[in-house]
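# please work out how this folds:
(one chain, ligands or ions: 2)
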Amino acid sequence: MNLLDLTPTTAEQRVGELVKSGGFEKYRARQVFNWLWTNPIPAWDQATNLPRSLVTALDNHAPIARPFLAKRQDSSDGTIKFLWEFDAGAVESVFIPEGKRATLCISSQVGCAFGCVFCSTGTMGFGRNLAPWEITAQVRELHMLGIKPTNIVFMGMGEPLHNWSAVDTALTQLNAPGGFGIGARHITLSTVGLLPQLAEFAKRKEQFRLAISLHASNSATRQTLMPVERKYPLPELKKLLREFSRRTTLEYVMVSNVNDSDQDAEELSQFANDISAHVNLLPLHPGAGSGLKGSRHEKIDEFAKLLAGRGTPVSVRRSRGKDIDAACGQLAIKE
Ligand code: SAH
Ligand code: SF4
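Numbers count the residues shown, from 1 in each chain. Ligands and ions are numbered 1, 2, ... in the order given. Purely as a prediction, here's the structure:
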């Protein structure tokens, strides 16, 4: 049994059963449970408050699953990139300190099936889905290193809604009081907009944040950048987002002469205003080597002004960790 693959509520029940069947006192269950997410330990023999026989029982029935930290790279701007190896496949996560806030960008899949032309992860193709424990191990392992992120973004490798059932459980582990207890407003899921799963995500009652990778506000342009546009076209995405009552951010990578004209700004502004969304403009990072060129900084600022002038809340995202290939869209594992 892998307790770290369960929601905290279910894990607590399983721990209770295990403790009972071994003939241990009832209060032991809470002690065991706290070592899962509240005070994570690398192995049961580090659980200082448990009797030897219970440690043995846990080792036999519910060993603690862990990835191997294969590499750590520190950027000159404080950003840290981690490479985690699992039994099959590896993923990266990126830790981004910014004043009081500390954001961890996590992965949900090995590779990605969606092939957006500007994205390095897309060039890897699809490897496999991560299990819930593999998603949240990226946080758990950092806690054991003494690093505690305040915010989580699903903006690493993979398309989280393509792995919805595991991400669903992972969201609970991140947010629940018996899990990591991170406020839902501090957890952001980023997606290209897989409509059926987006509807499922929208049903969750916690105030998780949603970021949509839009990158174009008309279907023709979006198709040249994102193959998914053929399957889930913008008009349908917009319809669903209109019904989604929480704050949505639209992610928009600025590509020179592709999506950065004045008319693009006008269309984007219309799209955002129709669904009351905030726009995040991102500089294009050297990623998939698709021959695309990023818009110049002045152009991005100009574009932002056009949006603001039309009443659209807009911010320009600062690149972090570029020197260690840790910025958005730069995560890819070679071997
Ligand atoms: N698959 C999800 C989440 C991972 S990508 C998604 O696409 O939303 C996280 C963000 O990085 C997305 O907004 C994505 O479009 C953006 N991105 C991908 N490649 C990029 C690049 N080369 N430069 C800047 N941003 C990029
Ligand atoms: Fe996949 Fe997101 Fe990259 Fe597109 S941008 S290829 S969906 S990880």
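# and stretch 149-156, end to end?
Stretch 149-156 has an end-to-end distance of 15 Å (CA to CA, to the nearest Å).
# adjust the sequence numbering to begin at 376 for everything that follows.
Okay, residue one is now 376; in that scheme the one you just asked about reads as stretch 524-531.
# pull out the buried positions in that stretch.
Of the residues in stretch 524-531, Pro524, Asn526, Ile527, Val528, Phe529, Met530, Gly531 count as buried by neighbour count, 16 or more other CB atoms under 10 Å. For every residue, glycine as well, the C-beta is placed using N, CA and C.
# is it anywhere near ligand 1?
Yes: counting by CB under 6 Å from any ligand atom, ligand 1 is contacted by stretch 524-531 at Met530.
# other residues contacting that stretch?
With contact meaning CB atoms under 8 Å, 6 or more residues apart in numbering, stretch 524-531 is reached by 466-470, 475-483, 514, 517, 535, 542, 549, 557, 561-566, 586, 703, 706.
# run the last query once more with 7 Å
Applying CB atoms under 7 Å, 6 or more residues apart in numbering, the contact partners of stretch 524-531 are 466-470, 476-483, 514, 517, 535, 549, 557, 561-565, 703, 706.
# and if you look at stretch 576-586?
Here stretch 576-586 has contacts from 536, 546, 550, 559-560, 562-565, 619, 621-624, 626, using CB under 7 Å, 6+ apart.
# for it, buried residues please.
Phe576, Phe583, Arg584, Leu585, Ala586.
# likewise for stretch 698-710?
Ile699, Asp700, Ala701, Ala702, Cys703, Gly704, Gln705, Leu706, Ala707, Ile708.
# now do stretch 647-658
Ala647, Ile650, Ala652, Val654, Asn655, Leu656, Leu657, Pro658.
# of those residues, which is the nearest to ligand 2?
Leu657 (10.7 Å; CB to the nearest ligand atom).
# hmm, the closest one is touching Glu626, no?
Yes: at 6.2 Å, Leu657 counts as touching Glu626 under the criterion of CB atoms under 7 Å.
# up against ligand 1, what does this protein have?
Going by CB under 6 Å from any ligand atom, the residues of the chain near ligand 1 are 487, 491, 493-494, 530, 534, 565-567, 588, 626, 628, 657, 659-660, 662, 703-704.
# how about a cut-off of 5 Å?
493-494, 530, 534, 565, 567, 588, 626, 628, 657, 659-660, 662, 703-704 (CB under 5 Å from any ligand atom).
# greatest separation within those: which pair is it?
Glu534 and Leu659 (19.2 Å; CB to CB).
# any low-confidence regions in this structure?
710 (pLDDT under 70).
# could you chop it up by domain?
378-436, 443-699 (automatic domain parsing).
# now the longest one, how far from the centre of its chain.
This means domain 443-699. Chain-centre distance of domain 443-699: 7 Å, with CA atoms, centre = their mean, to the nearest Å.
# that domain near ligand 2 anywhere?
Yes: contact of domain 443-699 with ligand 2 (CB under 5 Å from any ligand atom) involves Cys487, Phe489, Cys491, Cys494, Thr496, Gly497, Glu534, Val567.
# so who does the first one touch?
This points to Cys487. Counting by CB under 7 Å, 6+ apart, Cys487 has contacts Thr496, Gly497, Met499, Phe501, Met532, Gly533, Glu534.
# could you redo the last one with a cut-off of 8 Å?
Cys494, Thr496, Gly497, Met499, Gly500, Phe501, Met532, Gly533, Glu534, His537.
# now the second one: which helix or strand?
Secondary structure from DSSP states H and E places Thr496 in helix 495-499.
# related to what we said a few turns ago, most neighbours among the contacts of stretch 576-586, which one?
Leu546 (27 neighbours; other CB atoms under 10 Å).
# part of a strand, is that residue?
No: in this structure, Leu546 is helix, not part of a strand, as judged by DSSP: H, G, I helix; E, B strand; the rest coil.
# from ligand 2, how far off is it?
Distance of Leu546 to ligand 2, computed by CB to the nearest ligand atom, to the nearest Å: 18 Å.
# thought that residue was touching Ile557?
No: applying CB atoms under 8 Å as the test, Leu546 and Ile557 come out as separate, 9.9 Å apart.
# from the contacts of Cys487, which would you call buried?
For those, buried by 16+ other CB under 10 Å: Cys494, Thr496, Gly497, Met499, Phe501, Met532, Gly533, Glu534, His537.
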